[in-house]
Each structure stands twice: as C-alpha cells, then as structure tokens.
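Enquirer: how would this look folded up:
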Amino acid sequence: MRLLIVLGAPGSGKGTQAKLLAEYLGLVHLSTGDILRDEVRRETELGNQANQFMTAGELVPDALILDMIKAKLVLDSMTKGFIFDGFPRTVIQAKGLDRLADEVGARIDCAIDLVVDDEIVVKRLTARSGCSVCGAIYNDVWNPPRRAGFCDKDDSALIRRADDSELVVRNRLHVYRQQTKPLEEYYSHRALLVKVDGYGMTGQVLARILISLEASGTNDRTQV
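Expert: Residues are numbered from 1 along each chain as shown. As a prediction, this is how the structure comes out:
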C-alpha cells in the first residue's frame, strides 16, 4: 500500500490537486477534516471522543486523529493506497504517520509541497466565496459565478468565510510557515520532499506534479 502526502499553505490548491491525483493514480483521497466530520456524524466511539474536544473549542489530539486514520486504512486495506490532503501538519504527526504506516504495511512514497507566493494566496482567499447549500467554491478573479453572489448550480446565495479576511489570511500563512518548516526539513532529509510550483491553472499544476513524481520515480499507476 502506497501513501502520498500533499502539503501546502491555505489557498495553495492542495485539496483540489489531491482529489485529481487520487483519481489519476487510482488512490483514495483522505482529508483528515472529512474523516473527522464523518466519524462525528456516524457517532462512532472515536467520533464521540473527538466531538468532546471540538465542542469545548480545543484541538483534537494527534493520537485520536491517527487512530481515525488507522481505522480508515484498515477498512480500505485492499486499495492501492491513499493521498493525504494537508496531513501531517507537524513533525510529531509525521512521526506518528510513519509508525502507523509500519503497522499497516504501507510505505510513504513522497510528500508533495505546493509552493505558492503569499500575495497570490491572499488574493485567492480574499476573493473566495462558497455556496451556502451545495458547498461549491467560487473566486471573483479566477472562477467567478455567472451571476454575482449566487451559485451556478442551485442559485443559492454565496457566502464568504469569516477567516478569509486579509488580516486573518496573513496570520494563517504566518502560523503555517512556522508549523511546516520543520516538516519540510523532515521529509527533505528523508529524500521524500517534492516541491512543485502551485501557481497557474488547475491542469497546469497537475501536469507539473505528475512530471515531478515521474522524475522521482513515484508516478507509477501500477504500483501497489
């Protein structure tokens, strides 16, 4: 079982690229946020434990997140592998993922780091809005809705996230850089880090990722 990791600052496009890569390589896309919400929705034992922290406004402990990921890997153990979207975020989480990979007989192929200039990220996120019903994402600059303020799919009102203000976005970027610099070094020392320019159209960025994976010997759609 192979594991790929997609890293990137908020607004770098890592979620979009992780989904496209998963489809192209025949892997399962795993977003820790999606896993967490699913566990809570289904009221599993792990979900109930996590919900206690969430309702108290606290971060869900790394150990609990890793237990959720392990349960998912074991449940889908017959798949070729997984792509992690924005996880791990710290060296502690990375080491926990290493131990988990050993437990389930998986290997980490590489960590793809999408590099996007901070000013571009600020422009992306401050111009972003989402459908209040279906969740479709729009951008006033790169992907505007046909009718301003309303979703193309269901005509519902578009809303902007409170944390997409410029001040908050810049602070999120600052925190991200602080957290992930050691993580980049961790994977770089293990010769697993692949840096890719994340600026451009979605297809252009995907092509760069695939070229980088091929150069590193990990772009094999037949690997298991």
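Enquirer: Which elements pack onto the lengthiest helix in the chain?
Expert: In the chain, taking DSSP state H as the definition, the longest helix is helix 166-189. Packed against helix 166-189 by the contact rule (3 or more CB pairs under 8 Å, 6 or more residues apart in numbering; DSSP states H and E) you find strand 2-8, helix 91-104, strand 107-115, helix 118-126. Every residue, glycine included, has its C-beta placed from N, CA and C.
Enquirer: middle-most residue in this structure, spatially?
Expert: Most central in the chain under CA atoms, centre = their mean is D85, positioned 2.4 Å from the mean C-alpha point.
Enquirer: My guess is it contacts L30. True?
Expert: Yes: under the criterion of CB atoms under 8 Å, D85 makes contact with L30 at 6.5 Å.
Enquirer: related to what we said a few turns ago, could you save the helices and strands packed on helix 166-189 as CSV and add columns showing mean neighbour count and distance to L183?
Expert: Converted to CSV, the helices and strands packed on helix 166-189 look like this (neighbours: other CB atoms under 10 Å; distance: least, CB to CB, whole Å):
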stretch, mean neighbour count, distance to L183
strand 2-8, 24, 7
helix 91-104, 15, 6
strand 107-115, 20, 8
helix 118-126, 17, 18
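Enquirer: Can you read off the pLDDT for the residue nearest to the centre of the chain?
Expert: pLDDT recorded at D85 is 90.
Enquirer: Quick check on it: phi, psi?
Expert: Here is the backbone geometry of D85 (degrees, to the nearest 10): phi -100, psi 100.
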